[in-house]
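> Turn this into a structure:
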Amino acid sequence: MVIKEYFQLLFPFLLVAWLVFRVASATTWLQPTTSLMKILALALAAVVTFYPFTGLSLAEYLLSLNPNYSLGSLALMVILLWPPVTGKVLLSDRHLYEFCLWNVAVSLALYLSSLGLVAYDAYALGYNFSICFVIMAVITIILVWRSHPLSYIFLVYIIAFNLKILPSNNFFDYITDGFLLVLSFVSIIYLTIIRKSWELNTVIRK
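Residues are numbered from 1 along each chain as shown. Modelled structure (predicted):
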């Protein structure tokens, strides 16, 4: 299916776009504050991502490291990229922290199981109907009932898995991957330590 062939290209583009905006925002004269500057930044990200400078594009290199980036990774990149592009936030710091905690918890449980540190093979539960689908359904219903922002992400997991958008047939591959574990862990450290220390220093200076 065509959508499977091109859907995975979204992650490399979002990652490069986020890095472009982060680097640009660190300068005084390259900050993409106008609509034109933002469009140019996205165009630059597209060129860097997809143009085969060395015979292979950066997107192809990234996909060679992991051919199946999860929807969780895509969601997190969209959440991080949204503020510099639109000037608005998709998730508050508290909800982003909760999302990252969920990612780390699920990822660690799966990796510990894969390494044999847990007797039960949790990853195998993602292939066929099992208790994990019931748990995800219950969590999603609760989030929707509470109008929680993360409910949209959980609904996308379920819908995308049923549509088989990704190459994998395992539900957990839609939820997490190694990159998401690392980025979520770094985000938790940033939200709990670095940002709070900056805010504290700002209050002290005032």
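> drop to CA atoms for contacts and neighbour counts, all remaining ones
Will do.
> how far is the biggest helix by length in the chain from where the chain is centred?
Counting by DSSP state H, the longest helix found in the chain is helix 93-114. From the chain centre to the centre of helix 93-114 is a distance of 12 Å (C-alpha atoms, centre = their mean, to the nearest Å).
> Are there helices or strands packed against it, and which ones?
Counting by 3 or more C-alpha pairs under 8 Å, 6 or more residues apart in numbering; DSSP states H and E, the packing neighbours recorded for helix 93-114 are helix 178-189.
> which residues are contacting the helix it packs on?
69-70, 72-73, 76, 97, 100-101, 103-104, 107-108 (C-alpha atoms under 8 Å, 6 or more residues apart in numbering).
> Ok, stretch 107-124 next?
170, 172, 176-178, 181.
> Weed out the non-buried ones from the residues you listed.
170, 172, 176-178, 181 (16 or more other C-alpha atoms under 10 Å).
> ok, back up a step: which pair of the contacts of helix 178-189 spans the longest distance?
Y69 and Y97 (20.6 Å; C-alpha to C-alpha).
> in the protein, which helix or strand is least confident?
Within the chain, no helix or strand scores below helix 195-205, which has a mean of 52 by mean pLDDT, DSSP states H and E.
> I'd say Y69 and D177 touch.
Yes - Y69 is in contact with D177 according to C-alpha atoms under 8 Å; the separation is 6.4 Å.
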